[in-house]
Structure formats: structure tokens, C-alpha cells
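Trainee: the amino acid sequence is not available; the structure is as follows:
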């Protein structure tokens, strides 16, 4: 047995141990179910004909009969799309605890399916593939997402299915998968930029068609009230909270949105400035333009890095971005690992992706909380260093984006270099004649 096989075995032992640690400590109270509680209450309200977006959480919670017990939960909010809330309704026919564990089982299946399909499609093969899969299972944002009972595993599976469909030239299926993702979580609508950059008009049409058809179906089932309330809540107007969230939660470092990061830098370097918000928007537009330009130069996307670049990009540009969003980044790491195995990736790409992955372990989470806690004890009293540690999640996301961008740029540059060489050879042949 090779050393790589032994490494894969060791990594899977660690992955299984981390999973056991995660699920052997069930939430102690209902409030510890975090986002799952909001999913459950919101969907139960929708099923009973109550608009969960129209009033505060505590009122909705009372109107649906306080299904989680006599708790004060007014700090929660409903921020999920009406389609997500509608599709979650079947779980509300189960008791809360049964629904919670059913949901976690679905998350595990979605993660397993996504990693299996991703590595089977992209590679690397053999023991290396098993090792990469284990590393993805150990990726802290995945455990963080599951500990909050969130839905990133479903979104990850949809992204992987869309990526595979595009590689196999099944544009209709790719567009439909991305359309479903946009209906469920809203911010994946930004993947339309990738399709436009790739000039894949067929996939664009199917994505928009899926959004329209899914939206119409949601409207027909839940009615116009909840959809109107949700649209009003998500309107990006000055002075109005995004998705009904407290303004403090929207500010960096809690929110990873790139614009808020720029405002954070301005506020903490030269003080609050009225133009900081505009500067943040300009930086977002520049980053989006660079990503679009690089993607348009990509003749082919064999490792899915162009697609993965946009997964990281839409997380950076989403008006509200949490650490859980990083759980959708495995396509970035798997694609670069596959390219590295084939020897077609520059070293700087591998180093940047590796740094992104390792920095995520400092972010924290239920399986690696001891790392963040140890660093906190180590640097207690060192305020400036501790402020740097608070940026690790954003740094991990930014490095993942940069690694994918460098990979796409190298692929585009390589193709252009080959085309230029072919043109030069043809010119020499014509000159010789």
C-alpha cells in the first residue's frame, strides 16, 4: 500500500472522528438549533396560511402555536426565500426533533453526493481522490453549516450538478440546476454572470426559465402576500436593514460582503466617510468586471475553476454573506487539486488555495473550536493581533477567490499562447511558400 493510501486512511479516520464529535453533541436547547428553528417555524407558518415575513418572529412564533416551546425568540428573523420556505414545509409534518435529524440526514446525503460526483467528474483519481474527499469533509465551514442546521449542503449539491452538466454539454440541465439554486437561496442568481461570460445562451435561457417557472409555482401555492412581503424586505434602500437584520450584523467582520469590508477599512483607517459606501460599490464592480473579463477568455473549463471562481465571487458580492457560505467552496479546492495532479496548475495557485483551506481552521466551528480558543488565550491582551484573527474567515474566502482567479487566468493565458504559436507557425509556413 502506498503512502498516499495510508494518508487517505488517516484523513478518513480523522473525518469520521470529527463527524462523531459533531453529531454526538446534539443541541442542548431548542434555541441551539439556530437556523433550523427559523426554517421550521417559517415553513409551519406558511403551511398554516400565515405570512412569516410580514411581522416579527415572536408574533409569528406565537401565531403558529409556539411549536418549539415557551421560549422568547424575538432575536431570530425570517430571511429565506418563499420557495425555500415552501419546499421545507414537508418537514413540518414531523415533530421538531424528528424533523431536525431528518434534515441533518438529508444534509449528510447531499454532502456525500456532492463530493462523490465532484471527485468522480474532476478527479484526482484513486487514493488522492479519497484524500481530497476527506479533506473536504474536514473543512470547518461544512461542520459550521451543519451545526447551525443550515442548507448549504443542498446548495453545494446543486452547484456540483450544474458544473457536471456544463462539462457534459447538458446546458438545459445546468441552467435548471442554477435556477433552482437561485430560487432557494437568491444569491446564486449571480451565476448568470458566468453563463453570460461563457456565452452559454442556452443555459442562460433555461436558468431564467426555471426561475420564472419556479417563481410562478411558488406564487400559485403560497399566494402574493408572502412574496410581496419578502420582496419588500429585500429591497436595498438606504437606511433600511437588509433581510430584516440588525444593522450591526451587516457590518464587517460579521458580514463578508466585499463592500462592507471596504467600508470597514475606511472607517478604521481614516474614520467614517460619507463616500465609503460608494467606494465599496466601486470595488465590487471592479472585482466583478475582472472576473467577467477573465472568464470570457477561457476557451474551456476542464477543472471547473471558472465555474468555481463565480461561486466564490457571488459569496463576496452577496449583500449578506456569513461564514457558512464558505461551505460551498469545495469545487474550488477539488478543481485545483485535480489540475495539480495533472501538472497543469502554477504553484502560486496551489499555495493560495492551500492557504485558503488552512486559514479556515482558524475561523472556528464545532470540530475545530479548540484552535480558535487556543489562539484567543495565546493572544489575550494583544488587541491588534486579535483583530487580525477576526478576519480569518474573510481571508479564507478572499484567498479561495484569488486562487480560482489565478487558475482561470493561467488557463486562459495558456490557450491564448497556444493559439498565438499556431498562428506564428502558419505565418512562417506561408512565408516559406
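Mentor: Received the coordinates, thanks. Being a predicted model, the structure only gives us computed values, none of them experimental.
Trainee: show me the shaky parts of this protein.
Mentor: 1, 26-33, 70-77, 235-248, 372-373, 375-376, 379-388, 414-433 (pLDDT under 70).
Trainee: how about the nearest residue to residue 201, chain neighbours excluded?
Mentor: The shortest distance from residue 201 to any non-neighbouring residue, by CB to CB, 6 or more residues apart in numbering, is to residue 195 (8.0 Å). Placement of C-beta: from N, CA and C, glycine included.
Trainee: test my guess that the one you found contacts residue 207.
Mentor: Yes - judged on CB atoms under 8 Å, residue 195 makes contact with residue 207 at a distance of 6.5 Å.
Trainee: quick check: neighbours shared by these two?
Mentor: By CB atoms under 8 Å, 6 or more residues apart in numbering, residue 195 and residue 207 have these common neighbours: 175, 178.
Trainee: report the contact partners of residue 40.
Mentor: If you count contacts by CB under 8 Å, 6+ apart, then residue 40 has 33, 67, 68, 88, 91, 92, 96, 99, 100 around it.
Trainee: checking the third one next. Helix, strand or coil?
Mentor: The three-state label given to residue 68 by DSSP: H, G, I helix; E, B strand; the rest coil is coil.
Trainee: isn't it up against residue 37?
Mentor: Yes - the criterion here is CB under 8 Å, and residue 68 meets it with residue 37 at 6.0 Å.
Trainee: the two - which one has more neighbours?
Mentor: residue 37 (24 against 18; other CB atoms under 10 Å).
Trainee: before we move on, which element is the more buried one in?
Mentor: helix 35-47 (DSSP states H and E).
Trainee: circling back: just flag the most distant two among the contacts of residue 40.
Mentor: 68 and 88 (15.0 Å; CB to CB).
Trainee: residues contacting residue 311?
Mentor: Listed by CB under 8 Å, 6+ apart, the contact set of residue 311 reads 159, 191, 328, 329, 331, 332.
Trainee: and residue 51, how many neighbours?
Mentor: Neighbour count for residue 51, taken as other CB under 10 Å: 20.
Trainee: helix/strand/coil for it?
Mentor: coil.
Trainee: next one: the one 3 residues further on
Mentor: Secondary structure for residue 54, judged by three-state DSSP, is coil.
Trainee: for residue 371, see how far away it is.
Mentor: Distance, residue 54 to residue 371, using CB to CB, to the nearest Å: 42 Å.
Trainee: residue 90: neighbour count?
Mentor: Residue 90 has 12 nearby residues by other CB under 10 Å.
Trainee: so who does it touch?
Mentor: Contacts of residue 90 (CB under 8 Å, 6+ apart): none.
Trainee: what are the phi and psi values at it?
Mentor: Note on residue 90: its backbone torsions stand at phi -50, psi -30 [degrees, to the nearest 10].
Trainee: how close does it get to residue 8?
Mentor: From residue 90 over to residue 8 (counting by CB to CB), the distance is 37 Å.
Trainee: before we move on, the earlier item: of the contacts of residue 40, which is the nearest to residue 182?
Mentor: residue 88 (16.7 Å).
Trainee: I'd say residue 392 and residue 359 touch.
Mentor: Yes - between residue 392 and residue 359 there is a contact under CB under 8 Å: 5.2 Å.
Trainee: could you export the contacts of residue 40 as a markdown table, including secondary structure and distance to residue 166?
Mentor: Below are those laid out as a markdown table (DSSP: H, G, I helix; E, B strand; the rest coil; distance: CB to CB, whole Å):
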| residue | secondary structure | distance to residue 166 |
| --- | --- | --- |
| 33 | helix | 36 |
| 67 | coil | 41 |
| 68 | coil | 41 |
| 88 | coil | 28 |
| 91 | helix | 31 |
| 92 | helix | 35 |
| 96 | helix | 39 |
| 99 | helix | 34 |
| 100 | helix | 34 |
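Trainee: from those residues, which is closest to residue 363?
Mentor: Once CB to CB is applied, the member of the contacts of residue 40 that ends up nearest residue 363 is residue 33, at 21.1 Å.
Trainee: mind giving me the packing neighbours of the helix or strand following the helix holding residue 37?
Mentor: Next along the chain after helix 35-47, taking DSSP H and E as the criterion, comes helix 57-63. In this structure, helix 57-63 makes packing contacts with helix 35-47, judged by 3 or more CB pairs under 8 Å, 6 or more residues apart in numbering; DSSP states H and E.
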